[in-house]
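*Asks:* Give me coordinates for this.
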Amino acid sequence: MGKGLNPEQVAAFSTVFTQLSPRLYRTALGILGNPHDASDALQEAGLRAMRHWGSLQHPGAAPAWLTRIVVNCCRDVIRHRGGIVPTGLLVRDTPAPTPADSDPDLWSALGTLPTDQRETVVLRFFQDLTVLQIAQITEVPEGTVKSRLHTAMTRLRSRLSDRSKEGVR
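*Replies:* Prediction:
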């Protein structure tokens, strides 16, 4: 059980976390590029969130709050492995495939982005969050989110365009 949580709080946390887990997993997978690391990050995020569930003042903020915890856990994983993001590691039977799973070129291109840009793209396009929501989750100004999105999309377009030209030969 979470630190100091009563049974009702544990049940509420369990319900919310279970409902959001597929979405949170997709976020972690999109950022980390590895299903095993994504599962580890999600598990760590769940433990951290449960420990602090009692401090969440507004239950409606739970999705953004949990997403922030998952993003922070992903950052910890990346820091731990020296900033390397593996690509192309797709495992069968992973829950809720991401759009990147169906397009290896996109998956590979995402893996080339710096972590902050990859996070922003994943939150915007995999999770359909607004710029304001992304700014709150990543704790950066909205202008920074817009800049990261613009730069990332330019890089992705260029990378994917280069690959499509290579295949035309």
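*Asks:* What values do phi and psi take at V16?
*Replies:* Phi and psi for V16, reported as degrees, to the nearest 10, are phi -60, psi -50.
*Asks:* Just give me the neighbour total for the residue lying closest to it once chain neighbours are set aside.
*Replies:* Of all residues not flanking V16 in the chain, A62 sits nearest, at 5.1 Å (C-beta to C-beta, 6 or more residues apart in numbering). From N, CA and C alone the C-beta is placed, and that goes for glycine too. Neighbour count for A62, taken as other C-beta atoms under 10 Å: 18.
*Asks:* Kindly report the same for the one 4 residues further on.
*Replies:* A count of neighbours around L66, defined by other C-beta under 10 Å, yields 26.
*Asks:* Let me know the pLDDT of the residue nearest to V16.
*Replies:* Per-residue pLDDT puts A62 at 92.
*Asks:* Figure out the helix or strand that it lives in.
*Replies:* Using DSSP states H and E, A62 maps to helix 62-80.
*Asks:* Quick check: mean pLDDT of the helix or strand just after that helix?
*Replies:* Downstream of helix 62-80, the first helix or strand assigned by DSSP H and E is helix 104-112. Across helix 104-112, pLDDT averages out at 82.
*Asks:* OK, contacts around the residue nearest to the spatial centre of the chain?
*Replies:* Centroid check for the chain by C-alpha atoms, centre = their mean gives T27 as the closest residue, at 2.6 Å. With contact set as C-beta atoms under 8 Å, 6 or more residues apart in numbering, T27 has these partners: T67, V70, V71, C74, V122, L123, F126, Q127.
*Asks:* Please repeat the previous calculation with a cut-off of 10 Å.
*Replies:* T27 makes contact with 20, 38, 41-42, 45, 66-67, 70-71, 74, 98, 119, 122-123, 126-127, 129, 137, according to C-beta atoms under 10 Å, 6 or more residues apart in numbering.
*Asks:* Look up how far T154 lies from it.
*Replies:* With the distance defined as C-beta to C-beta, to the nearest Å, T27 ends up 23 Å from T154.
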